[in-house]
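Student: okay, structure incoming, though there's no sequence with it:
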């Protein structure tokens with residue numbers, strides 16, 4: 001660059017004698033020069049903003065590349081599980097000076113698949129009752145471990161106990177933890193310049209804690225909105241407006257929004273990274289080393305998919321449209337828990353407080369088989385079973401498609417409709433109507449139902465009749481034969 005400037009100056013200086021030579025004035029030449037000057041000024045003003053924008057983009061890419069180079073050369077790889085996922089337990093706290101103190105305000109596991117650039121976040125409700133083998137007691141997961149934390153403030157020991165319990169519930173090994181304080185969390189969002197959140201449902205909380213002694217009213221409308229740190233904290237912490245399950249998903253939305261903002265402009269700015277790191281130190285207590293964090297920066301800017309789930313009791317085993325993913329919990333008889341409001345896993349009993357088969361199954365699919373979540377095909381389930389054959393085989397002749405839809409929705413399949421098929425089928429068949437092959441979806445479906453045939457080029461009339469669906473799952477008489485051998489369960 002410097003050599004070019006020098007050459008240009010030398011050339012100009014060398015031509016000074018030409019400009020000193022007298023020539024008669026020419027109107028045509030003068031007008032031409034004037035027009036050239038006007039055009040140049042116009043171009044400067046017209047394209048100047050684009051040049052500046054281009055320079056900003058170039059600088060952003062240079063900064064981003066620098067961060068990625070540092071990340072790959074100086075960072076350390078994080079521990080991966082047997083499926084090559086990186087798993088971190090994330091717990092939110094009020095810390096000192098906030099209502100609830102060291103009670104866990106939110107408990108989730110984030111599982112990142114570097115090959116798919118996908119993150120699955122899975123929350124457990126704070127009121128989930130668990131067994132504490134160290135004390136031989138049963139209590140809420142958000143409080144049962146905090147008593148020892150209050151006495152010793154031993155975060156490493158406490159986090160290890162909680163991550164072991166989450167591994168027992170989900171089957172996901174979480175060697176890392178991040179304990180997040182509200183104050184630092186608020187600062188991070190403000191440093192990023194706010195976050196954009198698409199609020200799915202409006203709510204009003206008339207009893208949001210202003211401080212230890214006062215309350216205030218907070219309200220959120222539906223739709224996309226930019227939130228400051230304080231506003232985001234209110235959205236994440238509001239407790240008396242909706243259910244605890246909705247609250248967990250709101251907190252996951254905030255985490256997603258922070259990740260999206262970091263991808264947008266946070267990780268390519270060295271100066272901002274320094275401020276973010278200072279906020280991070282204030283906000284987080286973690287066992288992730290600085291080098292491991294540095295090594296993760298190269299991934300954070302390329303995350304393509306984020307999936308959010310929370311174990312819940314809020315669904316239906318009657319109507320498929322009212323069912324929801326991760327519905328593997330229920331509210332037991334309160335007399336069994338001294339009239340306390342408790343949440344426990346399906347299949348749990350006084351004699352088997354460690355029964356987590358169903359919650360583990362769900363976590364296995366959504367964290368370690370994210371391909372079918374990425375495909376996210378729209379599936380219609382059609383009943384092509386002969387009712388006479390069904391009644392003669394298992395003494396029941398309806399609701400097969402609806403029940404299967406409920407079960408698949410629990411496992412996060414995108415079920416859009418349930419109908420009767422116009423003809424009786426002997427086999428259970430999958431018709432691919434969409435543009436993709438959906439091989440991963442079919443593979444996961446085979447864990448729940450025996451599929452006899454997959455047809456990738458169905459009759460055009462069938463495609464026309466079921467517009468909007470990517471896939472038809474038509475259950476035939478072979479499905480009934482399967483149920484006769486293995487009875488139907490919403491959870492297995």
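Tutor: Structure's in. What do you need? This is a predicted model, so every value here is computed, not measured.

Student: low-confidence stretches in the stretch 251-400 of the chain?
Tutor: Scanning the stretch 251-400 of the chain for pLDDT under 70 picks out the ranges 263, 265-273, 300-301, 350-353, 397.

Student: hey, where'd the strands end up in the stretch 101-250 of the chain?
Tutor: Applying DSSP state E, counting those that start in this stretch to the stretch 101-250 of the chain gives strands spanning 106-113, 118-124, 129-132, 137-140, 176-181, 195-199, 203-209, 215-220, 223-227.

Student: contacting residues around residue 477?
Tutor: Residue 477 makes contact with 385, 386, 389, 390, 424, 425, 426, 427, according to C-beta atoms under 8 Å, 6 or more residues apart in numbering. C-beta here means a position set from N, CA and C on the backbone, and glycine is covered the same way.

Student: farthest pair in those residues?
Tutor: Greatest spacing in the contacts of residue 477, by C-beta to C-beta: 390 and 427 (14.7 Å).

Student: quick revisit: mind putting the strands of the stretch 101-250 of the chain in TSV, mean pLDDT and distance to residue 448 included?
Tutor: Putting those into TSV (pLDDT from 0 to 100; distance: least, C-beta to C-beta, whole Å) gives the following:
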stretch	mean pLDDT	distance to residue 448
strand 106-113	92	21
strand 118-124	93	19
strand 129-132	84	28
strand 137-140	82	32
strand 176-181	86	32
strand 195-199	91	31
strand 203-209	86	35
strand 215-220	89	37
strand 223-227	92	36
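
Student: please convert those strands to JSON lines, extending it with mean neighbour count and distance to residue 327.
Tutor: Listed next are the strands of the stretch 101-250 of the chain as JSON lines, based on neighbours: other C-beta atoms under 10 Å; distance: least, C-beta to C-beta, whole Å:
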{"stretch": "strand 106-113", "mean neighbour count": "24", "distance to residue 327": "17"}
{"stretch": "strand 118-124", "mean neighbour count": "25", "distance to residue 327": "13"}
{"stretch": "strand 129-132", "mean neighbour count": "20", "distance to residue 327": "17"}
{"stretch": "strand 137-140", "mean neighbour count": "16", "distance to residue 327": "20"}
{"stretch": "strand 176-181", "mean neighbour count": "20", "distance to residue 327": "27"}
{"stretch": "strand 195-199", "mean neighbour count": "18", "distance to residue 327": "23"}
{"stretch": "strand 203-209", "mean neighbour count": "16", "distance to residue 327": "21"}
{"stretch": "strand 215-220", "mean neighbour count": "14", "distance to residue 327": "25"}
{"stretch": "strand 223-227", "mean neighbour count": "13", "distance to residue 327": "27"}
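
Student: where along the stretch 51-200 of the chain do the helices fall?
Tutor: For the stretch 51-200 of the chain, the helices defined by DSSP state H, counting those that start in this stretch cover 146-152, 155-170, 182-191.

Student: which of these sits closest to residue 307?
Tutor: In terms of C-beta to C-beta, the element of the helices of the stretch 51-200 of the chain nearest to residue 307 is helix 155-170, at 14.2 Å.

Student: buried stuff in that closest one?
Tutor: 155, 158, 159, 160, 161, 162, 163, 165, 166, 167, 169, 170 (16 or more other C-beta atoms under 10 Å).

Student: show me the domain layout of this structure.
Tutor: Domain ranges of the chain: 29-74, 86-368, 371-485, per automatic domain parsing.

Student: just for the stretch 1-150 of the chain, where's the confidence low?
Tutor: Scanning the stretch 1-150 of the chain with the threshold set as pLDDT under 70 gives 1-75, 94-103, 144-150.

Student: want to throw the strands of the stretch 101-250 of the chain into TSV with distance to residue 312?
Tutor: TSV is the format used below for these (distance: least, C-beta to C-beta, whole Å):
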stretch	distance to residue 312
strand 106-113	13
strand 118-124	9
strand 129-132	15
strand 137-140	16
strand 176-181	22
strand 195-199	19
strand 203-209	17
strand 215-220	21
strand 223-227	24
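
Student: between the ones you listed, which one is nearest to residue 333?
Tutor: Ranking those by their distance to residue 333 (criterion: C-beta to C-beta) puts strand 129-132 first, at 12.6 Å.

Student: and that closest one, how far from the chain's centre?
Tutor: For strand 129-132, the distance from its own C-alpha centre to the chain's C-alpha centre is 27 Å (C-alpha atoms, centre = their mean, to the nearest Å).

Student: what's that strand in contact with?
Tutor: 137-141, 144-145, 165, 169, 337, 342-344, 353-354.

Student: ok, residue 390 and residue 427, which is more surrounded?
Tutor: The residue with more neighbours, out of residue 390 and residue 427 and counting by other C-beta atoms under 10 Å, is residue 390; that gives 21 against 15.

Student: setting aside sequence neighbours, what's the nearest residue to residue 434?
Tutor: Beyond its immediate neighbours in the sequence, the residue positioned closest to residue 434 (C-beta to C-beta, 6 or more residues apart in numbering) is residue 470, lying 3.3 Å away.

Student: tabulate the helices of the stretch 51-200 of the chain in TSV, adding columns for distance to residue 460.
Tutor: Compiled in TSV, those are given as follows (distance: least, C-beta to C-beta, whole Å):
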stretch	distance to residue 460
helix 146-152	62
helix 155-170	44
helix 182-191	52
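
Student: out of those, nearest to residue 455?
Tutor: With distances scored as C-beta to C-beta, the stretch of these nearest to residue 455 is helix 155-170 (36.0 Å).

Student: now the closest one: mean pLDDT?
Tutor: Helix 155-170 comes out with an average pLDDT of 88.

Student: other SSEs contacting it?
Tutor: For helix 155-170, the contact count by 3 or more C-beta pairs under 8 Å, 6 or more residues apart in numbering; DSSP states H and E identifies strand 86-93, strand 106-113, strand 118-124, helix 146-152, strand 176-181, helix 357-368 as packing neighbours.

Student: enumerate every residue touching the closest residue to residue 377 other than its chain neighbours.
Tutor: The shortest distance from residue 377 to any residue other than its chain neighbours is 3.9 Å, reached at residue 470 (C-beta to C-beta, 6+ apart). Going by C-beta under 8 Å, 6+ apart, residue 470 touches 377, 378, 379, 432, 433, 434, 436, 438.

Student: and for residue 428?
Tutor: 449, 450, 451, 452, 453, 473, 474, 475, 476, 478, 479.

Student: just those residues now: which is nearest residue 365?
Tutor: Closest approach between the contacts of residue 428 and residue 365, by C-beta to C-beta: residue 449, at 14.1 Å.

Student: pretty sure the closest one sits in a strand.
Tutor: No: Residue 449 sits outside any strand when classified using DSSP: H, G, I helix; E, B strand; the rest coil, being coil.

Student: since that was my last question, I'll sign off now.
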